[in-house]
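> Pasted the sequence and its predicted model underneath.
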Amino acid sequence: MAAEIFHGLSKRMLDATLGALRDGELIIYPTDTIYGIGCDMRNGKALDKLNQLKKRPSNKPFSFIVNDIADAAHFAKISNAAHRVMRRVLPGPYTFVLPSSSGVPRKMMSTEHTVGIRIPNHQIPLALAKAFGGPIITTSVNLSNDQPINAIGDLSPAFLAAVAVVIDGGPVDNAPSTIIDFTKDDPVVLRKGKGYEELRPYIDFAHLEE
């Protein structure tokens with residue numbers, strides 16, 4: 001079945017996308033970094049489908065999108081230090097690695113019991129997360145280790161055939177998010193991506209991991 005393609009944010013798009021998520025289907029959507037592909041975080045069969053499509057190890061957890069920091073607190077333990085930084089830079093192009101809470105399925109945790117959380121500065125994924133009422137997986141639209149895409153016209157036939165909904169938000173930056181590990185007392189930047197320079201005033205870079 002061919003994917004249903006929508007342009008921008010609309011009620012018709014939201015209805016179709018929410019229905020696809022509830023049915024365990026995959027969706028493609030824009031973010032403030034690159035195009036993402038995802039599903040309902042709590043649906044194990046959908047997660048398996050996504051791993052198979054991306055040719056990705058099943059024991060490698062995905063990050064997920066939530067609507068705001070209050071929603072993030074349902075799935076992660078947010079220290080005072082992490083909260084101060086998150087409040088200043090989110091929504092934005094950052095992935096926060098945090099200790100997971102009991103609300104996260106085991107399949108979504110790393111071996112260290114951490115999770116990656118995104119609150120992107122883009123109205124479409126935020127509207128989806130808010131309307132869906134739960135976390136939505138976010139990972140780049142590419143095979144594992146390949147380059148991600150930044151325009152729907154670059155989608156391969158394999159991805160178009162595997163998803164139920166594609167949301168075309170126009171070209172996006174072909175830059176990954178900056179990843180900040182806040183699982184210990186001092187934050188560690190694991191990847192310098194989009195927004196890295198804007199983040200610098202808010203954290204101690206003595207522990208930067210190159």
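Received the coordinates, thanks. This is a predicted model, so every value here is computed, not measured. Residues are numbered from 1 along each chain as shown.
> and after the worst-scoring helix or strand of the chain on mean pLDDT, which helix or strand comes next?
Of all helical and strand segments in the chain, the minimum by mean pLDDT, DSSP states H and E falls on helix 157-162, at a mean of 91. Next helix or strand after helix 157-162 toward the C-terminus (DSSP states H and E): strand 165-168.
> What average pLDDT does that next one get?
Per-residue pLDDT over strand 165-168 has a mean of 97.
> counting contacts, what elements does the next helix or strand after that strand pack onto?
Using DSSP H and E, the helix or strand that follows strand 165-168 in sequence is strand 178-181. With contacts taken as 3 or more C-beta pairs under 8 Å, 6 or more residues apart in numbering; DSSP states H and E, strand 178-181 sits against strand 94-99, strand 188-191, helix 196-199. In short, each C-beta sits where N, CA and C put it, glycine included.
> If we use 7 Å, what do you get?
Judged by 3 or more C-beta pairs under 7 Å, 6 or more residues apart in numbering; DSSP states H and E, strand 178-181 is in contact with strand 94-99, strand 188-191.
> Could I get the buried residue list for the shortest one?
For strand 188-191, a neighbour-count test (16 or more other C-beta atoms under 10 Å) marks 188, 189 as buried.
> hang on, the earlier thing: let's have the helices and strands packed on strand 178-181 in JSON lines, adding mean pLDDT.
Converted to JSON lines, the helices and strands packed on strand 178-181 look like this (pLDDT from 0 to 100):
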{"stretch": "strand 94-99", "mean pLDDT": "96"}
{"stretch": "strand 188-191", "mean pLDDT": "94"}
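> would you turn the ones you listed into CSV with distance to residue 60?
Below are these laid out as CSV (distance: least, C-beta to C-beta, whole Å):
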stretch, distance to residue 60
strand 94-99, 14
strand 188-191, 14
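> out of those strands, nearest to residue 164?
strand 94-99 (25.1 Å; C-beta to C-beta).
> So what are the sheet partners of the very next helix or strand once past the closest one and their directions?
The element immediately downstream of strand 94-99 (helix or strand, assigned by DSSP H and E) is strand 114-118. Partners of strand 114-118 in the sheet, by DSSP bridges, are strand 63-65 (parallel), strand 94-99 (antiparallel).
> what packs against the least confident helix or strand of the chain?
Of the remaining helices and strands, none touches helix 157-162 by 3+ C-beta pairs under 7 Å, 6+ apart.
> So what's the gap between it and the chain middle?
In terms of C-alpha atoms, centre = their mean, to the nearest Å, the centre of helix 157-162 is found 20 Å from the chain centre.
> In that helix, which residues are buried?
159, 162.
> Helix or strand: which one has the residue most central in space within the chain?
By C-alpha atoms, centre = their mean, the chain has its centre lying nearest to residue 138, at 2.9 Å. Counting by DSSP H and E, the element that carries residue 138 is strand 136-140.
> Also residue 31?
Using DSSP H and E, residue 31 sits within no helix or strand.
> Now do the contacts for the closest residue to it other than its chain neighbours.
Using C-beta to C-beta, 6 or more residues apart in numbering and skipping residues adjacent in sequence, the residue nearest residue 31 is residue 120, 4.5 Å away. The neighbours of residue 120, taking C-beta atoms under 7 Å, 6 or more residues apart in numbering as the test, are 31, 32, 65, 91, 93, 126.
> Go again with 8 Å.
31, 32, 33, 65, 91, 92, 93, 126, 138, 177 (C-beta atoms under 8 Å, 6 or more residues apart in numbering).
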